[in-house]
Each structure stands twice: as structure tokens, then as C-alpha cells.
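Asker: Have a look; sequence and predicted model below, questions after that.
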Amino acid sequence: MIHFLMVVSKQGKPRISRFFTRQANQITMQNAVTRLCLRDGKQEGFVNYEDLVLVYKLYVNLWFIAGVSQDENELAILELFQNLVETMNEYFGKVTEVDILFNMDRVYMIIDEMIINGNIAETCRGRILVPLQLMDAAK
């Protein structure tokens, strides 16, 4: 199960964070997780943190970090990151940190289409983008 998903800048500033389970102190946890993953120095990896496994990957200038249960497949989470980036690239063109900052509502919609209650629900980019395309067409 995915407990949270975060997108963090290279400087460690959180850009997107979605918690799927209740955490006692989310801000403290976010800061600790960010420091732990960025300090590692690798571009991707797995780290144990309390009762979770942190899966993280660097895409250009953004870190994608997920806290998952011990029994979750870490490689599937890396594939989820790749699918998320490809989906955002398809929607925004070539996604940048600025796109994420100015279109947070759309990024959250993409994440919510992909992950429901901490479980991966949809991986088909076409289906993920349908609500956004409908919303854009209504303008």
C-alpha cells in the first residue's frame, strides 16, 4: 500500500504531497523523509524509514518520493513514477517544476486518477487524462 507520494525540488522544497493514510505529524515526517532521500546522493533507491520503505527517483530537477508498506513491490512504484511523469509530459508537453507549481490542481487530479486509497488503480494514460481533457473542453 502507498502511504504517501511527494514531489520535491532538488533544494528540498515540497511541491506536491498526497497522503493516503493518516500520519501523526505530516510536516515533520515530510522534512525527515526529504532529508533522508536527498542526503543519500543516489538518483534512485530504497530506504527504510520507521515501518515504511521509501522509494525515490530523480527526474530532471524533481524528486518523486513514495512511502510504501514493507510488502509493496518497490519496482512497481518506480514504474508508477515513470508512468506519472510520462502522463504529465503528455498533458503539459514537457513537464517542468513551473508547470507543477502553476497547475497543482491538475497534477493532483492525475495522481488521484492513478492512485485510489493508496492502491494503484489506473495506469492507462488515455483514461487518466480523460477528466482533464473534459474539463479543458468545457472552458
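Answerer: Arrived safely, thanks for sending.

Asker: Could you use CA atoms for every contact and neighbour count after this?
Answerer: OK.

Asker: List the neighbours of the helix or strand of the chain with the lowest mean pLDDT that are in contact with it.
Answerer: Every helix and strand of the chain was ranked by mean pLDDT, DSSP states H and E. The lowest is helix 26-39, at a mean of 89. Helix 26-39 is contacted from outside by V8, K10, G12, V47, Y49, L54, Y56, I65, using CA atoms under 8 Å, 6 or more residues apart in numbering.

Asker: which secondary structure element contains the last one?
Answerer: Assessed by DSSP states H and E, I65 sits inside strand 62-68.

Asker: tell me what that strand is packed against?
Answerer: Strand 62-68 is packed against strand 2-9, strand 52-59, with contacts defined by 3 or more CA pairs under 8 Å, 6 or more residues apart in numbering; DSSP states H and E.

Asker: Give me the contacts around the last one.
Answerer: Meaning strand 52-59. 33, 37, 43-48, 63-70, 74, 77-78, 81.

Asker: I'd like to know which of those residues are buried.
Answerer: 33, 37, 44-46, 63-68, 74, 77-78, 81 (16 or more other CA atoms under 10 Å).

Asker: Looking at those residues, which one is closest to M88?
Answerer: F81 (10.6 Å; CA to CA).

Asker: so is the closest one in a helix, a strand, or just coil?
Answerer: Classification of F81 using DSSP: H, G, I helix; E, B strand; the rest coil returns helix.

Asker: go on, the one 3 residues further on?
Answerer: Taken by three-state DSSP, the conformation at L84 corresponds to helix.
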